[in-house]
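Q: this one's sequence-less:
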RNA sequence: GGCCCCAUCGUCUAGCGGUCAGGACGCUGGCCUUUCAAGCCGGUAACACGGGUUCGAAUCCCGUUGGGGUCACCA
C-alpha cells in the first residue's frame, strides 16, 4: 500500500522553520515511496487563524518547492481539507461516541471549571495550575450529561475509564512509548461552540483521509496518547507515528517565533538563502545519511527514510546554513542562479536588469564569491551602473603616481584590444608586467581600483569583460582625472 | 513539580560489542595566486558522570546529572 502522509499546519502565523521541516520529511517520505502528500489546514483556532497566515504558509511551501497532491486548490478523494468546513462530520462522530457511552456532554462552563480549579488550589494553599496537578487535582464534571441543563451549551468530553492499562505505540523514530491510562483526564473533544479540538479533529481527519503515517514534532508525543484512546473508542486503526526531534535556537530553547527570527522561513528568503539550500540544511538537522552533507532534491527523495532520523533535538547553526547556501550558489547552473538573484537585484536598486546572457556572466563571476543572493546582488550591482565611486584608502594605496603611470599604459593596451573578452584582456597584465618589470599586482590593482572602486573583484579579465569596453575606459579615465 | 523524551568535538552528526572514535560547519596553519573568493593539503576539538553485564563497552542495563517537551473549551 502506498503511504499517505500529511502536513497539517494551523494558519496562525507564517510558516515556521520547524513546520517546514515537518512538511519536508512528510513530503520526502511520500515522494520516496510514490505515495500521497496531503496538505490539511487545521483552522479550528478561531481566535488566531487568519487568511493572511494561510497564504503565508502556502507561499512558504511553494517557495521551498514542497507541493501537495491533495489539499487547498487540489481536490482529492477525501475533502474537505479545511477543518472548519467539516464541523458536521466531527459532530457526527462525537454523537456516536456519546451514544456508545464513550463520551459525554459536559455542561460545566469554563468559569465553573476555573472555579473548581481555584477552589482546589485554595484548599491546598496553591495558585499555579502546575502545582494543582502535582497536588493531585483531577477534573470531574458536576454536570455530566445533565438533564436539567439540556438547552445550555456543552462541551463533549471523552470518558476515560482507566483500568490500569498501559496504552502505547511504536514510534518510527523514538521506538516504544507507553503511558498508564490513569494519567489521562477526560479531555475535551468538541468545544461549546461546536468546534473540535486538536486531539479530536486530527484523529477524525487522519482516519477520514486514510493517512498511513503521521510524522510531526516531538512536542506531540504526549498528545498521541489521548488520540490513541479516540482511535480505540472508534474502532479505528491508528496510523504509524514518527515523532521528529525539535529544532532549538542557539540558546537551546525550542525555536519560537517570538525569540528566534530564524524561525521564520521568510526571513531566510529575505536573507538570500536559496530554497534548496534551506531544504538541504533543515534535512540534515535531525536526519542523516552516513557522512553525506550535500544532497540534491532528487537525492533527498531517494535517500530519505525515518530510520535516518535521530532522536535528539538539534541546535540551529547559522554558519552551516550559510556554508550550505554558498555551496549551492557555487554549484548551481548560472542561469538558474541568475533567475534566483533577479528579485534581489531589483531590491538592491537595479530595476532594469534582465536574466540575460550578461547577467549570466556576472553570476558566474560571483558564484564562488557570494554566500547569499543578497551578497551576490550587492556585488553585481556596480557593474550595472554608470561610473563608480573610488574608495579613498584604495586610491591612496594603488592610484599614487606610479600606479597612475601604469594605469595609463594599461589603458592604451586596453583600448587597442579588438576582442573585448576575458581571454584577450587578461594577458594584458602579464604583458605589461614583462614590459615594465613591475609586479603583476602593481599592474592589476590600479586597474581594479579604477574600475571597481575597491581592491577586490573577480579576475581582471572577467571584470573588464563584464563592465564592457566603453564603461571600462570611462572609469579609467575618471580615475586618471581626465 | 507530575509525566514523557533525549545525551559522541562549540554546533550538525557517523558509529548499531573489538575503529588510531570518522565526516561536515566553525576556528586555525600552509599551498595556489594580479586582489578577493573558490579550490587543495594539514591542525584543533567529543563518547556527561557513577555503577553494573561482558574476555572486551561510545555502543547493552540501572542510577545520577544535565537539556528539552508536555500538562487548555491552542495546535
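A: Now that the structure is in, tell me what you want to look at. If you're wondering where the values come from, they're calculated on a predicted model, not measured in any experiment.

Q: per-residue confidence for residue A:482?
A: pLDDT recorded at residue A:482 is 64.

Q: next: residue A:253.
A: pLDDT, residue A:253: 88.

Q: what sits against the closest residue in space to residue A:64 that isn't next to it in sequence?
A: Of all residues not flanking residue A:64 in the chain, residue A:275 sits nearest, at 5.0 Å (Cβ to Cβ, 6 or more residues apart in numbering). Just so you know, the C-beta spots here come from the backbone N, C-alpha and C atoms, and that holds for glycine as well. Shown in contact with residue A:275 (Cβ atoms under 8 Å, 6 or more residues apart in numbering): A:63-65, A:269.

Q: let's go with 10 Å and repeat that
A: The contact partners of residue A:275, taken as Cβ atoms under 10 Å, 6 or more residues apart in numbering, are A:60, A:62-66, A:265, A:268-269, A:297, A:328, A:340.

Q: from those, which is closest to RNA strand B?
A: Of all those, RNA strand B sits closest to residue A:328, with 11.4 Å by Cβ to the nearest atom of the strand.

Q: that closest one - nearest residue in space that isn't next to it in sequence?
A: residue A:277 (4.4 Å).

Q: what's in contact with whatever helix or strand residue A:330 lives in?
A: Using DSSP states H and E, the element containing residue A:330 is helix A:318-331. If you take Cβ under 10 Å, 6+ apart as the criterion, helix A:318-331 is touched by A:250, A:262, A:268, A:271-285, A:293-296, A:317, A:336-337, A:340-341, A:363, A:366-373, A:375-376.

Q: looking at the residues you listed, which are in helices?
A: Those of the contacts of helix A:318-331 mapping onto helices are A:268, A:275-284, A:336-337, A:340-341, A:363, A:366, A:373, A:375-376, per DSSP state H.

Q: now the residues you listed: which count as buried?
A: Buried residues within the ones in helices among the contacts of helix A:318-331, counting neighbours by 16 or more other Cβ atoms under 10 Å: A:268, A:275-284, A:337, A:340-341, A:363, A:366, A:373, A:375-376.

Q: report the entries of these that also contact RNA strand B.
A: The overlap between these and the neighbours of RNA strand B (Cβ under 7 Å from any atom of the strand) comes to residue A:284.

Q: in chain A, where is pLDDT below threshold?
A: For chain A, the stretches with pLDDT under 70 are A:124-136, A:482.

Q: list the buried residues in the longest helix along chain A.
A: Across chain A, the longest stretch assigned as helix under DSSP H is helix A:17-33. Residues of helix A:17-33 classed as buried under the neighbour-count rule (16+ other Cβ under 10 Å) are A:17-31, A:33.

Q: what's the offset of it from the middle of its chain?
A: 11 Å (Cα atoms, centre = their mean, to the nearest Å).

Q: what's the first helix or strand after that helix?
A: Next helix or strand after helix A:17-33 toward the C-terminus (DSSP H and E): strand A:36-39.

Q: ok, residues contacting that following strand?
A: The contact list for strand A:36-39 (Cβ under 10 Å, 6+ apart) reads A:2-9, A:23, A:26-31, A:57-58, A:61, A:66-74, A:76-78, A:81, A:205-206, A:209-212.

Q: which of those residues count as buried?
A: The neighbour count (16+ other Cβ under 10 Å) marks A:3-9, A:23, A:26-31, A:57-58, A:61, A:66, A:68, A:70-71, A:76, A:78, A:81, A:205-206, A:209, A:211-212 as buried among the contacts of strand A:36-39.

Q: ok, and which of those residues reach RNA strand B?
A: Near RNA strand B, judged by Cβ under 7 Å from any atom of the strand, the entries from the buried ones among the contacts of strand A:36-39 are A:8-9.

Q: so of the buried ones among the contacts of strand A:36-39, which ones are in helices?
A: A:23, A:26-31, A:57-58, A:61, A:205-206.

Q: before we move on, back to that, now the angle between helix A:275-284 and the longest helix of chain A, please.
A: 90 degrees (axes from the mean of the first three to the mean of the last three Cα atoms, to 10 degrees).

Q: residue A:169 against residue A:224, yeah?
A: Yes - assessed by Cβ atoms under 10 Å, residue A:169 is found in contact with residue A:224 at 6.4 Å.

Q: what ranges do the strands span in chain A?
A: Remark: strands assigned in chain A by DSSP state E are A:4-7, A:36-39, A:103-106, A:155-158, A:166-171, A:175-180, A:188-190, A:213-217, A:240-244, A:247-248, A:314-315.

Q: show me what the fifth one is packed up against.
A: Put plainly, it is strand A:166-171. strand A:175-180, helix A:221-234, strand A:240-244 (3 or more Cβ pairs under 10 Å, 6 or more residues apart in numbering; DSSP states H and E).

Q: on that earlier part again, PyMOL command to pick out the buried ones of the contacts of residue A:275?
A: Restricted to buried positions by 16+ other Cβ under 10 Å, the PyMOL selection for these reads:
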select buried, chain A and resi 60+63+64+66+265+268+269+328+340
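
Q: looking at the contacts of residue A:275, which is nearest residue A:108?
A: Using Cβ to Cβ, residue A:60 is the member of the contacts of residue A:275 that lies nearest residue A:108, at 39.8 Å.
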